[in-house]
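Undergrad: sequence? don't have it. structure:
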Ligand SMILES: C[S@@+](CC[C@H](N)C(=O)[O-])C[C@H]1O[C@@H](n2cnc3c(N)ncnc32)[C@H](O)[C@@H]1O
């Protein structure tokens, strides 16, 4: 079946009113990051940053020297730039396609949420490898994706019935598939867990033999 790409302009018009969901997702991030500490100021990059909300929250949790936010949607980058104006560290906003990112800089946290599930399994592996390749030696990757839990299926089924489902290319990823894709892309999983009933999240580092 032909995949129809999600209309991200439509999505971002909607997310402006969905702060509660962003906060719920942030609680999941915070849970995944529990126990992880950094002594020196860190660099963070968010891939497919959308609102950039979770990077902003991370900057309250850790000392940060630089944040880099990447998205291929010009309206998103403009909004995110405005939202980050309160942040007092070096900031970089990149309007780029992740499949042609071409960055040589390395980061202490590389993260994404709501990205992988919009791509084929092969493209997902390329994106996971991108997270891996951007990691500094002791850096961590944090990735959250929707998973086909009962809650996810009920929620999606309801929105589809109401013609409110806008994620035309989204395929939820089971924890087993996610684990397999992370490990086959050279990441070592430090923590993996279900988050707020519809997502699964993982914290990983680069496997030593791929470093
Ligand atoms: C579900 S949203 C992410 C939401 C984000 N985690 C937040 O908290 O707002 C996915 C984002 O990824 C971006 N995106 C998807 N594919 C991309 C690609 N190939 N390159 C760059 N950005 C991409 C979309 O424009 C969209 O803003």
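TA: Everything's here; your move. Only a predicted model underlies this, so the values are computations on that prediction, with no experimental measurement involved.
Undergrad: Show me where this protein has its helices.
TA: Assigned helices in the chain, in chain order: 8-15, 19-33, 53-61, 74-83, 121-133, 150-161, 175-184 (criterion: DSSP state H).
Undergrad: export these to TSV and tack on mean neighbour count, mean pLDDT and distance to residue 206?
TA: (Each C-beta comes from the backbone N, C-alpha and C, glycine too.) Output for the helices of the chain, formatted as TSV (neighbours: other Cβ atoms under 10 Å; pLDDT from 0 to 100; distance: least, Cβ to Cβ, whole Å):
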stretch	mean neighbour count	mean pLDDT	distance to residue 206
helix 8-15	14	77	29
helix 19-33	16	94	17
helix 53-61	19	96	19
helix 74-83	16	94	27
helix 121-133	18	97	6
helix 150-161	12	96	30
helix 175-184	16	97	11
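Undergrad: The ligand is nearest to which of these?
TA: Among the helices of the chain, helix 8-15 comes nearest to the ligand, with 3.8 Å by Cβ to the nearest ligand atom.
Undergrad: could you check the angle helix 53-61 makes with that closest one?
TA: Using axes from the mean of the first three to the mean of the last three Cα atoms, to 10 degrees, one finds that helix 8-15 and helix 53-61 are set 50 degrees apart in direction.
Undergrad: Sort out which residues of the longest strand seen in the chain are buried, please.
TA: In the chain, taking DSSP state E as the definition, the longest strand is strand 135-146. Across strand 135-146, burial judged by 16 or more other Cβ atoms under 10 Å covers 135, 139-146.
Undergrad: same check, this time on stretch 80-94
TA: Using 16+ other Cβ under 10 Å as the test for burial, stretch 80-94 gives 80, 84, 91, 93-94.
Undergrad: Quick check: the farthest pair among those residues?
TA: Using Cβ to Cβ, the buried residues of stretch 80-94 reach their maximum pairwise distance at 84 and 94, which is 12.9 Å.
Undergrad: Quick check: neighbours shared by those two?
TA: Residues within reach of residue 84 and of residue 94 at once, by Cβ atoms under 8 Å, 6 or more residues apart in numbering, are residue 69.
Undergrad: Just the pLDDT at residue 4, thanks.
TA: Per-residue pLDDT puts residue 4 at 88.
Undergrad: I am finished for the moment; much appreciated.
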